[in-house]
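Engineer: show me the folded form of this:
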Amino acid sequence: MKVAFRLFPWVVSLGLVLFLAPVTQAQTVKIRAVYPSVDVQYLPAYLGQRNGFFKEEALEVELIVMRGARSGVQALLGGDVHFGLALGAAFSAIWSGGDLKIVAQMTNMLPFSLIVRPEIKRVEDLKGRRIGASVGSTTYALVYDLLKTHGIDPDKGVEYVNISGAGPRIAALEKGFLAATPLAPPGDVRAVQAGFKRLVFFGDVLPPMSFTGLVASGRYIRENPKTVERMVRAIVRGTVAARDDSAAAIGAMQSYMKIPLEDSRETYRLVRKSFTPVLAESGVKKMAELVSTSIGIPQTREPKDYMEVSFLNRALSDLNKK
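Structural biologist: Presented below is the predicted three-dimensional model:
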């Protein structure tokens, strides 16, 4: 009886541990994910919230808009946020030794259009004109390559003007201060409605490249593999929904991006093909080349060195089984 009495508290404690273990595993994890602007390329994340994919993975995700891509990367490196959604912004940090990994993809296309004034009929007409594009940005790299392929010296043949935001850029077009500027939805749709032209949709002329997805620090991945796996699975589900569920996608554009119904439909028509969860090394390499060109920083690491696709592969396998 004395032995049994001495063991009883230990047995009770063990029973409580076993009983509570599943509850602990199922507890909701709070996640902070940062991205630079409320744009259509982050639609899978909006659907993750709207369709309950995060909640079903026991995640409470706060989507934080942090203007300036570099600020988001610094917050990620410092541990203030857990994931970044803009892939291109992470490259320079990675090449400088930052311990960041790309773990998922949402879009493999840059959904920007080159919007021009009505008198511009072809790319060659931009020679000697002003273009609204911040030097060193991804959109600057897009314009740079486009001009070069059409025989215009991208360094001396045009004048670049640093104007941020779709509203100010459209206003500059209206005043004739700019001849052209790259815009993402819904800004490009508003510009076309205002009487300007979509001269080029970059998604139609560029090869696939990884634009948005999930970036996390190597340390966070090592210390929280289960959480990373659940986050990747939710983002994959959001990406598939963005591609295949037009009603949900258009609804999310209206609720999260405040785009009117008809504009949402036109935007979705343009960008639907960009949503794909499959992360290819070739797509990451192409994006890395674009970023390297735009900011003038050499690549010090190969994409395979900062891609972690094991979580993505498991998520795709799980979804294929359903």
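
Engineer: quick one: contacts for the residue nearest the centre of the chain?
Structural biologist: Central residue of the chain (C-alpha atoms, centre = their mean): Thr212, 2.4 Å from the mean position. For Thr212, the contacting residues are 35, 41-42, 85-87, 105-107, by C-beta atoms under 8 Å, 6 or more residues apart in numbering. (C-beta placed from N, C-alpha, C; glycine too.)

Engineer: got JSON lines for the residues you listed, with distance to Gly167, secondary structure and neighbour count too?
Structural biologist: Below are these laid out as JSON lines (distance: C-beta to C-beta, whole Å; DSSP: H, G, I helix; E, B strand; the rest coil; neighbours: other C-beta atoms under 10 Å):
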{"residue": "Tyr35", "distance to Gly167": "19", "secondary structure": "strand", "neighbour count": "22"}
{"residue": "Gln41", "distance to Gly167": "19", "secondary structure": "helix", "neighbour count": "25"}
{"residue": "Tyr42", "distance to Gly167": "19", "secondary structure": "helix", "neighbour count": "26"}
{"residue": "Leu85", "distance to Gly167": "23", "secondary structure": "strand", "neighbour count": "23"}
{"residue": "Ala86", "distance to Gly167": "21", "secondary structure": "strand", "neighbour count": "23"}
{"residue": "Leu87", "distance to Gly167": "26", "secondary structure": "coil", "neighbour count": "26"}
{"residue": "Gln105", "distance to Gly167": "30", "secondary structure": "strand", "neighbour count": "27"}
{"residue": "Met106", "distance to Gly167": "25", "secondary structure": "strand", "neighbour count": "30"}
{"residue": "Thr107", "distance to Gly167": "23", "secondary structure": "strand", "neighbour count": "29"}
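
Engineer: tell me the bridge partners for the residue nearest to the centre of the chain.
Structural biologist: Beta-bridge pairing of Thr212 under DSSP bridges involves Ala86, Thr107.

Engineer: going forward, count from 27.
Structural biologist: Got it, first residue is 27 now, which makes that one Thr238.

Engineer: which residue, other than its chain neighbours, is closest to Ser160?
Structural biologist: Asn188 (4.8 Å; C-beta to C-beta, 6 or more residues apart in numbering).

Engineer: oh, I was asking about Met279
Structural biologist: Nearest one to Met279, counting by C-beta to C-beta, 6+ apart, is Ser290 at 4.1 Å.

Engineer: ditto for Ala205
Structural biologist: Excluding its sequence neighbours, the residue lying closest to Ala205 (C-beta to C-beta, 6+ apart) is Arg155, at 3.6 Å.

Engineer: doesn't Val184 make contact with that neighbour?
Structural biologist: Yes. Under the criterion of C-beta atoms under 8 Å, Arg155 makes contact with Val184 at 6.0 Å.
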